[in-house]
Structure formats: structure tokens, C-alpha cells
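>>> Have a look at this prediction, sequence included:
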Amino acid sequence: MGLEIEAKMPLSAEVDIEPRLRELGAEPVYCVIERDAFFDDSAGSLRAGDRGLRIRTRRDIDGYKQPTI
């Protein structure tokens, strides 16, 4: 599996970032819908230990190129 680097930045709901990215020369290459399900035990021991178990499912959206791996 390849290296994944993820950056998360909060944006207000009013910000539409795509036009600015296009102005900078960026083009969308693929689009997915992701669903995260988070799991813990009844005592919340994972969260208490600053850990987590996440199952992420994703679905590719038609109309965009698929990523190359």
C-alpha cells in the first residue's frame, strides 16, 4: 500500500474552494463519496486512550477519472 498524506483544514460553509483551485490551474481527477463508521467499546476505552477504530467505505462518482495507484 502506498503512502497517504492527508491534510484537513476547516472551511466555512460559504467558501467555494473549487473556483479558486481552478484559477490556480488545478483540475479534478476523481471524486468519491466516503462514509466513516467509528467504533469503540461500551466503556469508551479507545477514545479515552486517544485511539480509534474507523471503517471507511468509499464509492467512486462517475464522470471523473479514476485514480492511478
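Right, received. Where do you want to start?
>>> per-residue pLDDT, Gln66?
With respect to pLDDT, Gln66 scores 53.
>>> going forward can the numbers begin at 46, since that is how I track them
Okay, residue one is now 46; in that scheme the one you just asked about reads as Gln111.
>>> could you point out which element follows the helix ranked longest in the chain?
In the chain, with assignment by DSSP state H, the single longest helix is helix 62-68. Following helix 62-68 in sequence order, the next helix or strand is strand 77-84 (DSSP states H and E).
>>> In terms of secondary structure, what does the helix or strand following that next one contact?
Going down the chain from strand 77-84, the next helix or strand is helix 90-93, by DSSP H and E. Counting contacts by 3 or more CB pairs under 8 Å, 6 or more residues apart in numbering; DSSP states H and E, helix 90-93 packs against no other helix or strand. Just so you know, the C-beta spots here come from the backbone N, C-alpha and C atoms, and that holds for glycine as well.
>>> what does helix 90-93 rub up against?
Residues outside helix 90-93 that contact it (CB atoms under 8 Å, 6 or more residues apart in numbering): Phe84, Asp85, Gly97, Leu98.
>>> quick one: which of these has the most company?
Asp85 (14 neighbours; other CB atoms under 10 Å).
>>> Pull the number of nearby residues for the closest residue to that one other than its chain neighbours.
Leaving aside its sequence neighbours, Asp85 sits nearest to Leu91 (CB to CB, 6 or more residues apart in numbering; 4.4 Å). If you count neighbours by other CB under 10 Å, Leu91 ends up with 14.
>>> before we move on, back to that, mind listing what's buried in the longest helix of the chain?
In terms of neighbour count (16 or more other CB atoms under 10 Å), helix 62-68 has no buried residues at all.
>>> so where's this protein uncertain?
46, 108-114 (pLDDT under 70).
>>> and the residue of it most remote from its centre, how far is that from Gly97?
In the chain, Ala88 marks the outermost C-alpha relative to the chain mean, sitting 27.7 Å out by CA atoms, centre = their mean. Distance of Ala88 to Gly97, given as CB to CB, to the nearest Å: 14 Å.
>>> again with Arg80
In terms of CB to CB, Arg80 sits 15 Å off from Gly97.
>>> repeat for Val77
Val77 is 21 Å from Gly97, by CB to CB.
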